[in-house]
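S.K.: using only what follows, build the 3D model:
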Amino acid sequence: MSLRDITGSDPGGASNGQVAMGYDRVGGGSPGYDRRVRYPVVLLDLDGTVIDSGAIILASMRHAAETVVGGTWSDSELMQAVGGPGLEAQMVALDPERVDELVRVYRAHNEPLHETLECCAGMDAALAELKERGHRLGIVTAKRRSTVELAFARVPIEHLFDTVVGGDETEQHKPSPEPLLLALDRLGASPGETAYVGDSPFDMQAAKAAGVAAIGVSWGRIHTADKLTHADVIVDTAEELLDVL
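M.R.: Numbers count the residues shown, from 1 in each chain. Model prediction:
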């Protein structure tokens, strides 16, 4: 699935009904250098979008399910709710009677695995380029802020973000727009100047509900790209992501 397949136009064009923002001078370019900035504000999911955490999430979901509930679980059963509602809500799908124990076992297994994390391919460079262009960046994630800090301790990119909204900072979680709206409020930004980048259907639904552009990424290894039915555009590489922002 290519960028052209989704947009029906070249990557330099506006995406699937989104209106290009016009030409703004951004970054530290030489005099006379203009670059089209569609979305001055770019919010991003963390797991599977910025950091390559799909494998450790799956491993910890499997460990929790097999330890607490028992039996054999498919990947799709374990990952179906990942990236949307909080961890407690995700565990309801495994066993609604043992949510607290599932969460405890999951976290005990998952948090040490953050020592193995890396950025998704090309995302560290892409984030640095977006910052240089003059975009304001934010993270909106289902992770608790304390777990976000574990990821940033391993992948030192926190300085690139103007705000971070963790999953424990709002009453409602994706696909509700509340986390995205909190990020916009903190940045003093409007939905019309903002894109949300994510790898899950919950990300795309939240973006639509918040009135921001919904940009799906196919590399997350948590959800397959065919699940991103609410996306305005789906990109397959960090380079393609830069083209649509």
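
S.K.: could you check how far Gly211 is from Ala142?
M.R.: Computed as C-beta to C-beta, to the nearest Å, the Gly211 to Ala142 distance reads 20 Å. Just so you know, the C-beta spots here come from the backbone N, C-alpha and C atoms, and that holds for glycine as well.

S.K.: who's more crowded, those two?
M.R.: More crowded of Gly211 and Ala142, by other C-beta atoms under 10 Å: Ala142, with 26 against 14.

S.K.: who's the closest spatial neighbour of the more buried one, skipping the chain neighbours?
M.R.: Distances taken as C-beta to C-beta, 6 or more residues apart in numbering place Gly167 nearest to Ala142, at 4.2 Å, with adjacent residues excluded.

S.K.: contacting residues for Ser200?
M.R.: Asp45, Gly48, Val82, Gly83, Gly84, Lys174, Gly220, Ile222, His223, Lys227, Leu228 (C-beta atoms under 8 Å, 6 or more residues apart in numbering).

S.K.: now stretch 89-103: mean pLDDT?
M.R.: Summarised as a single mean, pLDDT over stretch 89-103 is 94.

S.K.: in it, what counts as buried?
M.R.: Gln90, Met91, Ala93, Leu94, Arg98, Val99, Leu102, Val103 (16 or more other C-beta atoms under 10 Å).

S.K.: tell me which element the first one is part of?
M.R.: The one in question is Gln90. Element membership for Gln90, per DSSP states H and E: helix 87-92.

S.K.: could you say what helices and strands that helix packs with?
M.R.: Helix 87-92 sits against helix 99-113, with contacts defined as 3 or more C-beta pairs under 8 Å, 6 or more residues apart in numbering; DSSP states H and E.

S.K.: which of the buried residues of stretch 89-103 lies closest to Met123?
M.R.: Gln90 (23.9 Å; C-beta to C-beta).

S.K.: I figured that closest one hits Met79, correct?
M.R.: No - the criterion here is C-beta atoms under 8 Å, and Gln90 misses it with Met79 at 9.1 Å.

S.K.: quick check: closest non-adjacent residue to the residue nearest to the spatial centre of the chain.
M.R.: Residue closest to the mean C-alpha point of the chain, counted by C-alpha atoms, centre = their mean, is Asp45 at 1.8 Å. Distances taken as C-beta to C-beta, 6+ apart place Gly198 nearest to Asp45, at 3.6 Å, with adjacent residues excluded.
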